[in-house]
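Participant: pasting the structure only:
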């Protein structure tokens, strides 16, 4: 390994190419984190230059790790593979292209020609492949087309080709997230260069006062009188090529590029763990002669889709989707927990199981094929838009927020069992989760529980029958499957609205409503805006007298809040009513406007204090609601505790059929 500092100008002026492997991540630097600090450093150096101040220190931009590729050929520009530093090299090129294009726009052709020496190789007539070798930096395939347009074109050509990203009446690129990152960087640097050249932005606040100018330097005189625009421009791009350095590390034969790459990146974590995983995979493919570029295009390219870079939150982690996928993939394959904060190390350990003498995969191609297969499963699970049992399961699972079941769901869906059995197995898992939720059983250690299910099925065989037998055999509070008796008792008695919270109560009521519909109904879908409504309202004391016609006074209502005993006393009856008020028998679905309109009003029509006739809830439901469950409610002449219990039993008959107990060995269990 050869390492040492080198000016950016010397690095880029040589006739050579820096090729970024196609499997490295595309350009990801952003304005706030990287462009602004970089620009401020360039501007500071330019001010030093113009003011004649002593330039004591160069500015270091980190390391660039290079690995020589191919032998010497008189007709080919020497090339290096960029092991690390592609973001820096790309940014330097984009900055210089912006400076060159500004120089052309204002007629500084001499400056434009000088800048071009740092972004394009000379003597194209001597090149074997001019269309490629002319570029000093050759980025990933994802960025390549736009990069070439920026480097080889001009401002007007860019505007014609990417006009949708430019203001209609201003020579400026939008500052929107939808603008491609490279084009956004180019626009940012172009605007900064233009502003600095055409304003006093480069004046030195520490320069000598006009009464005492420093007459010893030509730069100071220029600053005092106002430097010409071309001098200002040259100070900016020359600041980069002369005053900025990188540590150039050139690997020699025998140096392990991947180990060096990981050492530079994993410990400081400037890269995502998924980037390290990807680079590791294709570095191994290169080393084994497995045609990395073909493998990338065939099996990995799907992971470059923007879908995988969307950040999501699971537990305390906020990560791109691809990281959650890799974590779930590994967990599902090893039936063990994965430390998401050490994902790269976890992946390497996964490839080389401790107890196995051979690697997990015979070839990198086989490894990528499995990642691709499970990636498609995970995407279907997360997108929830497909017409499949997996997507339907995920849609129904969403309100319950149990992502710890994902490794098991992925393994089930990727298994060789019949499609009908896959759907049945997913229904079992959902029934387990819903029943346990209604029965107020803990979700603690769900992650470990679902991993034990995977281990059991790996041992006994993947089938719906084996899954059912295992689930029904569980006795611990962390994994047992509530039987019908317990499910019914909690369904009728528990404060479902409080226990489950509105989102989950709504999900249950929605599934019941859909189950009530027949082929004669217009639709089997419901509006997403429906909300949970209490038929007997939470604030019921004003309009809902007790069964004997009495109304509780304030002291009784207050005492009931701190009492749990249900008896035949006034307070005991209030306690019972308050509990049943929150149970499924008293809950329904309404639109938000109708929910607000009926609010705490009585069940029957009534006359208010002003003598006005007001519709009660029953009439409002008859007039405005099309839901089957609401039409059933309106068949009741009165709505009291008995009506709530009766409706609760009616709803439970459907709930038991929707979230059913597995059929296999159910009777013995």
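Facilitator: Perfect, thanks for sending it. Here the structure is a predicted model, which means the values were calculated and not measured.
Participant: CA only for contacts and neighbour counts going forward, please
Facilitator: OK.
Participant: residues of the helix or strand where residue 197 lies that come out buried?
Facilitator: Per DSSP states H and E, residue 197 falls inside helix 181-198. Buried residues in helix 181-198, counting neighbours by 16 or more other C-alpha atoms under 10 Å, are found at 181-194, 196-197.
Participant: can you tell me which of those residues comes closest to residue 341?
Facilitator: residue 181 (27.0 Å; C-alpha to C-alpha).
Participant: so the closest one makes contact with residue 26?
Facilitator: No. Checked against C-alpha atoms under 8 Å, the pair residue 181 and residue 26 is beyond contact range at 9.5 Å.
Participant: any stretches of the stretch 151-300 of the chain with poor pLDDT?
Facilitator: Applying pLDDT under 70 to the stretch 151-300 of the chain flags residues 204-226, 252-271.
Participant: mind listing the strands for it?
Facilitator: 244-251 (DSSP state E, counting those that start in this stretch).
Participant: kindly report the same for the stretch 1-150 of the chain.
Facilitator: 2-7, 17-19, 59-69, 79-84, 137-138.
Participant: which of the ones you listed sits closest to residue 399?
Facilitator: strand 79-84 (42.5 Å).
Participant: hmm, back to that, can you redo the strands of the stretch 1-150 of the chain as TSV with distance to residue 325?
Facilitator: Formatted as TSV, the strands of the stretch 1-150 of the chain follow (distance: least, C-alpha to C-alpha, whole Å):
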stretch	distance to residue 325
strand 2-7	37
strand 17-19	29
strand 59-69	30
strand 79-84	25
strand 137-138	30
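Participant: phi first, then psi, for the closest residue to residue 613 other than its chain neighbours.
Facilitator: Nearest non-adjacent residue to residue 613, counting by C-alpha to C-alpha, 6 or more residues apart in numbering: residue 607, 4.5 Å away. Dihedral angles of residue 607 (phi, psi; degrees, to the nearest 10) stand at phi -110, psi 120.
Participant: and what of the one 3 residues further on?
Facilitator: Dihedral angles phi and psi of residue 610 (degrees, to the nearest 10) take the values phi -90, psi 0.
Participant: switch to numbering from 455
Facilitator: Okay, using 455 as the starting number, the last item reads as residue 1064.
Participant: give me the neighbour count for it.
Facilitator: By other C-alpha atoms under 10 Å, 6 other residues sit near residue 1064.
Participant: what does residue 737 give?
Facilitator: 20.
Participant: for residue 743, see how far away it is.
Facilitator: 10 Å (C-alpha to C-alpha, to the nearest Å).
Participant: re earlier: I'd like to know how far the residue nearest to residue 1067 sits from residue 629.
Facilitator: Taken as C-alpha to C-alpha, the span from residue 1061 to residue 629 is 60 Å.
Participant: and the two? Which one has more around it.
Facilitator: Looking at residue 1061 and residue 629 with other C-alpha under 10 Å, you find the greater number of neighbours at residue 629, namely 14 against 11.
Participant: now that one. Nearest residue, chain neighbours left out?
Facilitator: Here the residue nearest residue 629, using C-alpha to C-alpha, 6+ apart, is residue 638, at 6.9 Å.
Participant: with residue 727 instead?
Facilitator: Residue 727 sits nearest to residue 798 (C-alpha to C-alpha, 6+ apart), 5.3 Å away.
Participant: check contacts around the one you found.
Facilitator: For residue 798, the contacting residues are 727-728, 730-731, by C-alpha atoms under 8 Å, 6 or more residues apart in numbering.
Participant: now do residue 966
Facilitator: 1105, 1108-1109, 1112.
Participant: which SSE is it in?
Facilitator: helix 950-970.
Participant: tell me the buried residues in that helix?
Facilitator: Neighbour counts over helix 950-970 (16+ other C-alpha under 10 Å) mark 950-951, 953-954, 956, 958-968 as buried.
Participant: which pair in those spans the largest distance?
Facilitator: Taking C-alpha to C-alpha, no two of the buried residues of helix 950-970 sit farther apart than 953 and 968, at 22.9 Å.
Participant: distance of residue 817 from residue 805?
Facilitator: 11 Å.
Participant: try residue 560
Facilitator: Distance from residue 560 to residue 805, by C-alpha to C-alpha: 57 Å.
Participant: okay, the two: which has more neighbours?
Facilitator: The residue with more neighbours, out of residue 560 and residue 805, is residue 805; 14 against 11, by other C-alpha under 10 Å.
Participant: dump the residue contacts of that one.
Facilitator: Residues near residue 805 by C-alpha under 8 Å, 6+ apart: 813-815.
Participant: try 7 Å this time
Facilitator: Shown in contact with residue 805 (C-alpha atoms under 7 Å, 6 or more residues apart in numbering): 813-814.
Participant: do residue 1027 as well
Facilitator: Per C-alpha under 7 Å, 6+ apart, neighbours of residue 1027: 1020-1021.
Participant: confirm residue 861 sits in a helix?
Facilitator: Yes. Counting by DSSP: H, G, I helix; E, B strand; the rest coil, one finds residue 861 located in a helix.
Participant: is it correct that it is in contact with residue 787?
Facilitator: No. Judged on C-alpha atoms under 7 Å, residue 861 makes no contact with residue 787 at a distance of 8.0 Å.
Participant: neighbour count for the two, which is higher?
Facilitator: residue 861 (25 against 17).
Participant: distance of that one relative to residue 820?
Facilitator: Note on residue 861: its distance to residue 820, by C-alpha to C-alpha, is 20 Å.
Participant: fine by me, we can end here.
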